[in-house]
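K.L.:
give me coordinates for this.
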Amino acid sequence: MKNKQLFILFGFVLILSEIQSQVPAPKAYNENYREVMERTAWWRNDRFGMFIHFGAYAVPARGEWVKSRERMTNEQYQQYVDVFYPDQFDARKWAKTAKAAGMKYAVLTAKHHDGYCLFDSKLTDYKLSSKFDERDVVREFLDAFRAEGLKVGLYYSIIDWHHPDFPNVSNHPQRDDKEYGKRNFNWDNYLKYMHGQVKELVTNYGKLDIMWFDYSFGEYSGEKWKARELVELVRKYQPDIILNNRLGDHEGFSNQQRVLSQWGDFETPEQGVPDVALTDKYGNSIPWETCLTLNGVWGYSEFDKNWKSPELIIHTLVNCVSKNGNLLLNVGPDARGNIPEESVGILNEVGEWMDKNSSSIYGCGASTLSKPDWGRYTMGKKTIYAHWLHPNVGYINARGVEYDKVKGVFMLSSGATLSFMKSWKNNKEEGNFFINVGGKPEMPYKYDTVIKIQVK
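P.N.:
Below is the predicted model:
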């Protein structure tokens, strides 16, 4: 009897969940959703960007969290700040590397959690420009990437381990220092400083396409940062800019709970790709972007050689696009300002693939076809792209493609015509769509062989 009652209750919950998922979105939500989709249209078309974590933490070369992990005081960390002088920094080389890889936009850390600024802030002396012959790294980055035709964005950490009014909470290097914790922290003074620096970024550097805030935690979320006021400030001076969601709670939710943030335009899964395309609780597609390191850390690390392969990067990019997502791929330049040779080599190989296959990435998104065993689909205008990623015996079965609506099938990289048929050998089930790829398990092209299916 008890099991029967539980079964009935479980069924009721499922029915209630289904009813709730069909509830129409409020008018105000729909209007905000429309504005978000308009603002992010170019970004959702471009799909692939470069993240750049660069700062004084490149000197100890143990990643960007070194100050927190090793619980350094400001005085102990200062030894790295004092010698940070990236004499080989050339933003034009960075920009050419990004463009050659097929990236369409880039985001640079204007200030990371350590509080050290790569821009010429008038609100602090804790900045590189005063020790770097008055050179403003942020300005040089923006000028160089714009010159290559790439969209530009800035990362700004809303936490600050250096500022005297930021309390020793969470991951602060002095989180276990009881004496430090007895200090009088003036939170309003910190917010004034933080908002003031954001104003400098959005008013002194021309048009910005992206503002990437990092990050909220626990009670330090949303209005703790005066998020509404901060967003209004940014949009006042940069009305077309797109914002990520990290002024608020950006941890993962199920699709049934997810809504567009009032403080941002896109979600930011980190170091992983969602299993399915992200939607809000009303069934609308949500803009999202996976940020991913090339090795194990964001900032430069001298001894982390655990590099992801070009194949894995290409597969990850395809995986993101197949679920209506973007990929923001990180590089961590060294203390002299050079992107590591290993990173450049990986990006060059990704770029070679993009040269032949970028039309299956740019302007593409999810297909309605079920995910096949041999790979992924991306969908463009009247075009299905079948990404053959994994070994496959026999012809490729793009099951679900409507045979009578197909105009032609081609190898994307070469333009060669491929034959297709409803059945092959003894496989005659309804819905089959076999493509003749030679019947061998080996892909004819490295990493991802893309088949272009044109439909009427």
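K.L.:
how is this structure divided into domains?
P.N.:
Annotated domains of the chain cover 27-360, 375-455 [automatic domain parsing].
K.L.:
and the ones you listed, which is most packed in?
P.N.:
Comparing those by mean neighbour count (mean count of other CB atoms under 10 Å), domain 27-360 ranks first with a mean of 18. No exception for glycine: its C-beta is placed from N, CA and C like everyone else's.
K.L.:
from the chain's centroid, how far away is that one?
P.N.:
9 Å (CA atoms, centre = their mean, to the nearest Å).
K.L.:
ends of stretch 411-426, how far apart?
P.N.:
Chord length of stretch 411-426, first to last residue, is 25 Å (CA to CA, to the nearest Å).
K.L.:
what residues does that stretch touch?
P.N.:
With contacts defined as CB atoms under 8 Å, 6 or more residues apart in numbering, stretch 411-426 is touched by 356-357, 359-360, 385, 394-395, 397, 403, 406, 408-410, 428, 432-437, 444-445, 449-452.
K.L.:
off-centre distance for it?
P.N.:
The answer for stretch 411-426 is 34 Å, by CA atoms, centre = their mean.
K.L.:
His436 touches Asn397, doesn't it?
P.N.:
Careful, residue 436 is Asn and not His. No: contact criterion CB atoms under 8 Å: Asn436 and Asn397 do not qualify, at 11.3 Å.
K.L.:
on that earlier part again, can I get the domains of the chain in CSV including mean pLDDT and distance to Ala366?
P.N.:
Below are the domains of the chain laid out as CSV (pLDDT from 0 to 100; distance: least, CB to CB, whole Å):
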stretch, mean pLDDT, distance to Ala366
domain 27-360, 96, 5
domain 375-455, 94, 6
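K.L.:
among the contacts of stretch 411-426, which are located in helices?
P.N.:
The helices in this structure, assigned by DSSP state H, contain Lys356, Asn357 from the contacts of stretch 411-426.
K.L.:
you'd agree Thr203 is in a helix?
P.N.:
Yes: under DSSP: H, G, I helix; E, B strand; the rest coil, Thr203 sits within a helix.
K.L.:
distance-wise, check the nearest residue to it once chain neighbours are set aside relative to Met211.
P.N.:
Nearest residue to Thr203 in three dimensions, chain neighbours excluded: Tyr237, at 5.2 Å (CB to CB, 6 or more residues apart in numbering). Distance from Tyr237 to Met211, counting by CB to CB, to the nearest Å: 11 Å.
K.L.:
what is in contact with the two at once?
P.N.:
By CB under 8 Å, 6+ apart, the residues touching both Tyr237 and Met211 are Val202.
K.L.:
the stretch 301-450 of the chain: helices as residue ranges?
P.N.:
310-321, 341-357 (DSSP state H, counting those that start in this stretch).
K.L.:
packing partners for the last one?
P.N.:
When you say that, I think you mean helix 341-357. Judged by 3 or more CB pairs under 8 Å, 6 or more residues apart in numbering; DSSP states H and E, helix 341-357 is in contact with helix 91-100, helix 310-321, strand 325-331.
K.L.:
and the angle for it with helix 310-321?
P.N.:
60 degrees (axes from the mean of the first three to the mean of the last three CA atoms, to 10 degrees).
K.L.:
got the contact list for helix 341-357?
P.N.:
With contacts defined as CB under 8 Å, 6+ apart, helix 341-357 is touched by 48, 97-98, 100-102, 294-295, 305, 307-310, 313-314, 317, 329, 331-332, 361, 412-413, 445-448, 450.
K.L.:
ok, back up a step: put together CSV for the helices and strands packed on helix 341-357, with distance to Lys67 on each row.
P.N.:
Listed next are the helices and strands packed on helix 341-357 as CSV, based on distance: least, CB to CB, whole Å:
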stretch, distance to Lys67
helix 91-100, 24
helix 310-321, 29
strand 325-331, 19
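K.L.:
and the ones you listed: which comes nearest Tyr220?
P.N.:
Nearest to Tyr220 among the helices and strands packed on helix 341-357 is strand 325-331; the distance by CB to CB comes to 23.5 Å.
K.L.:
hmm, who's touching the closest one?
P.N.:
Strand 325-331 has contacts (CB under 8 Å, 6+ apart) with 43-44, 46-53, 94, 97, 103, 107, 266, 273-274, 277-278, 287-294, 298, 313, 316-317, 320-321, 339-340, 343, 347.
K.L.:
tell me the SS of the nearest residue to Glu270 once chain neighbours are set aside?
P.N.:
What sits nearest to Glu270 in space, not counting adjacent residues and going by CB to CB, 6+ apart, is Cys291, at 5.3 Å. For Cys291, the assignment made with three-state DSSP gives strand.
K.L.:
thought Cys291 was touching Thr268?
P.N.:
Yes: contact status for Cys291 versus Thr268: in contact at 6.1 Å, counting by CB under 8 Å.
K.L.:
distance check, Ala61 against Asp177.
P.N.:
Counting by CB to CB, the gap from Ala61 to Asp177 is 25 Å.
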